[in-house]
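K.L.:
For reference, the sequence and a predicted model appear below.
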Amino acid sequence: AKEQGKAEVEELLSKLQKVNTEQQTKIQELEDKLVKAVKASTEASDLLQSVRQAKERMERDLERLHTKEDNSDSLRRRLRETEDGRKTLENQVKRLEIVERRESKLKEDMQTKSQQIQQMGDKIRDLEEN
């Protein structure tokens with residue numbers, strides 16, 4: 001019984017080491033994904049800020065164009081171009097906001113997974129102690 005118990009403990013220890021190694025690999029993968037997500041989020045934030053500034057400039061230009069009384073064709077053309085640019089920028093802002101929401105969700109998911117991995121590690125240590 002003692003030998004059988006010893007063999008079972010060794011088998012459990014081997015399984016725990018395998019699980020621990022797998023968990024470490026998963027932790028590393030999640031950390032790599034987190035680094036990429038943070039980088040993408042930073043880039044998206046910078047791009048979003050640039051788009052917002054461009055949108056504000058376009059809106060100021062649009063407002064100036066609206067207030068002018070000049071009915072020339074060139075003014076109308078510039079107004080249309082500015083409005084088209086504003087719409088394009090609004091669409092880009094919407095897309096960037098969607099990307100930011102996805103990145104936030106990914107960060108939350110990765111945090112949850114990291115916590116789960118930590119809990120599994122704690123359970124493994126408890127099992128090893130037992």
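P.N.:
Sure, I can see it. Residues are numbered from 1 along each chain as shown.

K.L.:
which stretches of this structure form helices?
P.N.:
2-67, 73-129 (DSSP state H).

K.L.:
Please name every helix or strand in contact with the last one.
P.N.:
Helices and strands touching helix 73-129, as assessed by 3 or more CB pairs under 8 Å, 6 or more residues apart in numbering; DSSP states H and E, comprise helix 2-67. Backbone N, C-alpha and C define where each C-beta goes, glycine included.

K.L.:
Check the first one too.
P.N.:
Contacts of helix 2-67 with other secondary structure elements, assessed using 3+ CB pairs under 8 Å, 6+ apart, are made with helix 73-129.

K.L.:
quick one: average pLDDT of stretch 12-27?
P.N.:
Taken as a whole, stretch 12-27 has a mean pLDDT of 95.

K.L.:
Quick check: buried residues in that stretch?
P.N.:
For stretch 12-27, the neighbour count (16 or more other CB atoms under 10 Å) marks Q23 as buried.

K.L.:
next one: stretch 109-129
P.N.:
Under 16+ other CB under 10 Å, the buried positions of stretch 109-129 are 110, 113, 117, 124.

K.L.:
Serialize these to CSV and add fields for pLDDT and distance to V35.
P.N.:
CSV is the format used below for these (pLDDT from 0 to 100; distance: CB to CB, whole Å):
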residue, pLDDT, distance to V35
M110, 91, 10
K113, 91, 15
I117, 91, 16
I124, 89, 25
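
K.L.:
Of those, just say which sits nearest to A1.
P.N.:
For these, the residue nearest A1 by CB to CB is I124; the value is 25.5 Å.

K.L.:
Report how many residues lie close to the nearest residue to K107 once chain neighbours are set aside.
P.N.:
Excluding the flanking residues, the one nearest K107 by CB to CB, 6 or more residues apart in numbering is A37, at 5.9 Å. A total of 18 residues lie near A37 under the criterion other CB atoms under 10 Å.
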